[in-house]
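Predicted model and sequence below, questions to follow.
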Amino acid sequence: MEKHITAPFSAEVAKTLQAGDYVYITGTIYTARDAAHKRMYEALERGEPLPISMENTVIYYMGPSPARDGRPIGSAGPTTSSRMDKYAPALLDLGLRGMIGKGKRNAAVVDAMKKNTAVYFAAVGGAGALLSKCIVSSEVVAYDDLGTEAIRRLEVKDFPVIVVIDSEGRDLYAEVKNIF
């Protein structure tokens, strides 16, 4: 099924998204990769606030290439999500509602998604140049010293993703694997 949602989004919206749905996201999402996740996790361990609120937020696991003239961002393809698995449950407990990346997630992440009514979306790997056309603006908001791994606020319009794991824990990857 094809759906259009606005980010950030609530648990009620997350509940309407089912594994296999094609979703187009419009609104505000954030980028964060390995180094930014590690830094946020360490801040939480020290009892420090995070640089962005996790409440109803969507994080895109992506580090862009440099922007061409007249564009807000360069190629913007997803990175492998499992590298964030160590950190994701803590962020989900703070209200993180959606994650965008590619590849499988571990059981602890899926359990935290079910507990916190969150979803995991896949963006098409290898299509970073196309995906960047859905990004209206990009601004570094934290950890500028990390370069491409800094946290960015993106404004997106009709950003295409597929629900891979829904808030009930239904996993499209596992279902497809069982077919073949």
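Okay, I see it.

counting contacts, what elements does the lengthiest strand in the chain pack onto?
Longest strand of the chain, by residue count under DSSP state E: strand 151-165. Under the contact criterion of 3 or more CB pairs under 8 Å, 6 or more residues apart in numbering; DSSP states H and E, strand 151-165 touches strand 22-31, strand 119-122, strand 135-142, helix 172-179. C-beta: built from backbone N, CA, C; applies to glycine.

Adjacent strands (with direction) for the longest one?
In this case it means strand 22-31. strand 2-7 (parallel), strand 58-60 (parallel), strand 151-165 (antiparallel) (DSSP bridges).

Pull out the buried residues from that strand.
Under the neighbour-count criterion of 16 or more other CB atoms under 10 Å, strand 22-31 has 23, 25, 26, 29, 30, 31 buried.

The fifth one touches residue 58, doesn't it?
Put plainly, it is residue 30. Yes. Between residue 30 and residue 58 a contact is recorded at 7.1 Å, counting by CB atoms under 8 Å.

need the contact list for residue 10.
Shown in contact with residue 10 (CB atoms under 8 Å, 6 or more residues apart in numbering): 56, 97.

quick one: pLDDT of it?
Residue 10 is assigned 98 on the pLDDT scale.

Can you find the helix or strand of this protein with the lowest average pLDDT?
helix 172-179 (a mean of 78; mean pLDDT, DSSP states H and E).

what's the angle between that one and strand 151-165?
30 degrees (axes from the mean of the first three to the mean of the last three CA atoms, to 10 degrees).

Can you list the buried residues in helix 172-179?
residue 172.

Contacts for that helix, please.
19, 20, 104, 162, 163, 164, 165.

ok, of the residues you listed, which one's closest to residue 145?
residue 104 (30.5 Å; CB to CB).

ok, the closest one - contacts?
81, 82, 173.

The longest helix seen in the chain vs strand 135-142, what angle?
Longest helix of the chain, by residue count under DSSP state H: helix 34-45. For helix 34-45 against strand 135-142, the angle by the same axes, to 10 degrees is 50 degrees.

And helix 34-45, what does it pack against?
helix 88-93.

then the helix it packs on to PDB, C-alphas only?
The C-alpha coordinates for helix 88-93 follow below in PDB (Å, rounded to 0.1, in the frame of the first residue of the first chain):
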ATOM      1  CA  ALA A  88      19.300   2.400  18.700                       C
ATOM      2  CA  PRO A  89      17.400   0.900  21.700                       C
ATOM      3  CA  ALA A  90      18.400   3.800  24.000                       C
ATOM      4  CA  LEU A  91      17.200   6.400  21.400                       C
ATOM      5  CA  LEU A  92      14.000   4.500  20.800                       C
ATOM      6  CA  ASP A  93      13.300   4.600  24.600                       C
END
